[in-house]
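need a structure here:
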Amino acid sequence: MTVIVGTSAADEQAGPIREARRLAAGLGEPLHVVHVYSEAEFETATTGEDGGARAFGEVRADAEAVAEAALRAALGDASEDGGVFEPPVEAVGLVGDPATELVEHATHADASLLVVGGRRRSPVGKAIFGSITQDVLFEADCPVVACFDAVEDD
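Got it, this is the predicted structure:
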């Protein structure tokens with residue numbers, strides 16, 4: 001089994017990644033730090049800097065690099081721990097609907113737990129923006145831990 005944590009960017013997801021690592025260590029399970037490029041981000045990313053098309057695998061590798069950067073920002077460099085994170089940590093990059101991809105990855109990895117971050121929102125903010133965290137809470141077949149930060153201004 002595996003603990004999965006979804007991340008959106010290195011600068012705002014330290015809390016959920018740290019909590020997921022703590023939980024994974026307590027359960028004696030590996031941790032997957034997952035970043036999902038949305039379909040809109042994918043379309044933007046499939047055009048290379050030179051104007052040429054980029055392969056799906058390259059874009060997925062970019063998403064994995066975002067997950068890796070979030071991991072490093074939250075937990076530091078593994079070289080401080082002798083070159084290995086404990087428990088074992090893997091950065092995963094996916095492309096598609098973020099909530100759907102997180103839930104599907106959790107199913108595929110036989111996740112014992114799925115950790116997601118979020119921002120508290122006012123009722124107006126929820127109605128206008130929706131919530132990946134909310135979708136994951138409703139769709140996941142495994143237990144979900146949601147870590148929230150401060151309330152956004154509308």
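
show me what contacts the nearest residue to Thr100 once chain neighbours are set aside?
Sequence neighbours aside, Glu139 is the residue nearest to Thr100 in space, at 7.3 Å (criterion: CB to CB, 6 or more residues apart in numbering). For glycine as for every other residue, the C-beta is placed from the backbone atoms N, C-alpha and C. Going by CB atoms under 8 Å, 6 or more residues apart in numbering, Glu139 touches Ala99, Thr100, Val103.

next: Pro88.
Pro30, Leu31.

how about the one 5 residues further on?
Neighbour list for Gly93: Val34, His35, Val36, Tyr37, Arg60, Ala61, Asp62, Ala63, Glu64, Ala65, Val66, Ala67 [criterion: CB under 8 Å, 6+ apart].

report all helices and strands that the longest strand seen in the chain contacts.
Looking across the chain with DSSP state E, the single longest strand is strand 111-120. Using 3 or more CB pairs under 8 Å, 6 or more residues apart in numbering; DSSP states H and E, the elements in contact with strand 111-120 are strand 2-7, helix 14-27, helix 98-108, helix 132-139, strand 144-151.

ok, which of the ones you listed comes nearest Glu90?
Taking CB to CB, strand 2-7 is the member of those nearest to Glu90, at 8.6 Å.

what average pLDDT does that closest one get?
Mean per-residue pLDDT for strand 2-7: 95.

and stretch 23-32, by the same measure?
Stretch 23-32 shows a mean pLDDT of 95.

so which bits of that stretch are buried?
Leu23, Ala24, Glu29, Pro30, Leu31, His32 (16 or more other CB atoms under 10 Å).

kindly report the same for stretch 108-120.
For stretch 108-120, the neighbour count (16+ other CB under 10 Å) marks Ala109, Ala111, Ser112, Leu113, Leu114, Val115, Val116, Gly117, Gly118 as buried.
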